[in-house]
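> Have a look at this fold, sequence not included:
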């Protein structure tokens, strides 16, 4: 039977090795959400924003909490259904790249500078030398894999907030064992790094986007003071577009709530190292045509 174990110790436990219901609830809820997304990805071939299993599919993602083990707090979880999916191994595959990155100090300030420089470069290139027929439709397969890894890792990053808490010392940890052959250990250093990696925004390679503007207005983001919603050309799914320039926002407003196709260069918003290819946010670069 496929199994996982979550082992925790440090400031999240009392001196009597008791744990609050709130902390335990966060651990189990975040773990179950990661499992649900793993099964959704396995069944449907991709993940996107708002993806969730249907009620009739939930049993395929069920884990049983077995009797707690002695030693700090060890929560054993057993996969309920043997449906051909080794969920612990699938989870390990989605998490491993981010786990390895979390062991190296992450520099958020450098990443923020990189975002501005990339957008300036991409905007300049799409005005002049860059020519391509590379649309978002053609990049879906690669982006789907990367986004699935990000979305599932994000759930575990939420779980690790218990290690990032001020009451926890630097030796507090959460260990996750996948079956019996692989253990990931997150102390405060790895947990903080993972949170920064997951939360930091980047800009992806420019792509061509097509759709219909459904709304446009001001944003509270000083770097991107305007935001519009676009309904995709080939579906009813919407995504958000962040605009830096007042002149670009005015030009986009000509398409607002009109059934007129807007075609533009955009840079997919990157979180971690991925972008949602269907509903993910986009940075506006330049008009086409």
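Yes, it's here. Quantities reported herein were computed from a predicted structural model and do not represent experimental measurements.

> Now do stretch 26-44: everything it contacts.
Residues external to stretch 26-44 that are found in contact with it (Cβ atoms under 8 Å, 6 or more residues apart in numbering): 4, 6, 8, 47, 51-53, 57-58, 60-61, 63, 65, 75, 77, 85, 87, 90-91, 94, 148, 151-152, 155-156, 158-159, 161-162. In short, each C-beta sits where N, CA and C put it, glycine included.

> Show me which residues of that stretch are buried.
26-28, 30-42 (16 or more other Cβ atoms under 10 Å).

> Please work out the average pLDDT along that stretch.
On average, the pLDDT along stretch 26-44 is 94.

> same check, this time on stretch 202-218
On average, the pLDDT along stretch 202-218 is 92.

> Kindly report the same for stretch 233-248.
Per-residue scores along stretch 233-248 average to 92.

> For the stretch 101-250 of the chain, which segments are assigned as helices?
Along the stretch 101-250 of the chain, the stretches classed as helices by DSSP state H, counting those that start in this stretch are 108-127, 140-159, 161-164, 188-199, 246-253.

> closest to residue 208 out of those?
Comparison of the helices of the stretch 101-250 of the chain against residue 208 by Cβ to Cβ identifies helix 108-127 as nearest, at 9.5 Å.

> So which other helices or strands are in contact with the closest one?
Using 3 or more Cβ pairs under 8 Å, 6 or more residues apart in numbering; DSSP states H and E as the contact test, the elements touching helix 108-127 are strand 201-203, strand 262-271, strand 282-287.

> The first one - contacts with which helices or strands?
Pointing back at strand 201-203 there. The elements that strand 201-203 packs onto, with contact taken as 3+ Cβ pairs under 8 Å, 6+ apart, are helix 108-127, strand 262-271.

> Could you save the ones you listed as JSON lines and add columns showing mean pLDDT and mean neighbour count?
Written out in JSON lines, the entries for the helices and strands packed on strand 201-203 read as follows (pLDDT from 0 to 100; neighbours: other Cβ atoms under 10 Å):
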{"stretch": "helix 108-127", "mean pLDDT": "85", "mean neighbour count": "14"}
{"stretch": "strand 262-271", "mean pLDDT": "93", "mean neighbour count": "22"}
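
> In a markdown table, list the ones you listed along with distance to residue 197.
As requested, those are exported to a markdown table (distance: least, Cβ to Cβ, whole Å):
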| stretch | distance to residue 197 |
| --- | --- |
| helix 108-127 | 9 |
| strand 262-271 | 9 |
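
> Nearest to residue 22 among those would be which one?
Of all the helices and strands packed on strand 201-203, strand 262-271 sits nearest to residue 22, with 26.7 Å by Cβ to Cβ.

> returning to that earlier point: in helices only, show me the buried residues of stretch 26-44.
Using DSSP state H, the members of these that fall within helices are 26-28, 30-42.

> Closest one to residue 69 out of the residues you listed, please.
Distance to residue 69, by Cβ to Cβ, is smallest for residue 27 among these, at 14.6 Å.

> before we move on, back to that, which of the ones in helices among the buried residues of stretch 26-44 sits closest to residue 214?
Sorting those by how near they are to residue 214, with Cβ to Cβ, puts residue 40 at the top with 26.4 Å.

> circling back to that earlier point, so can I have a markdown table of the helices and strands packed on helix 108-127 showing distance to residue 118?
What follows is those, written out as a markdown table (distance: least, Cβ to Cβ, whole Å):
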| stretch | distance to residue 118 |
| --- | --- |
| strand 201-203 | 4 |
| strand 262-271 | 7 |
| strand 282-287 | 9 |
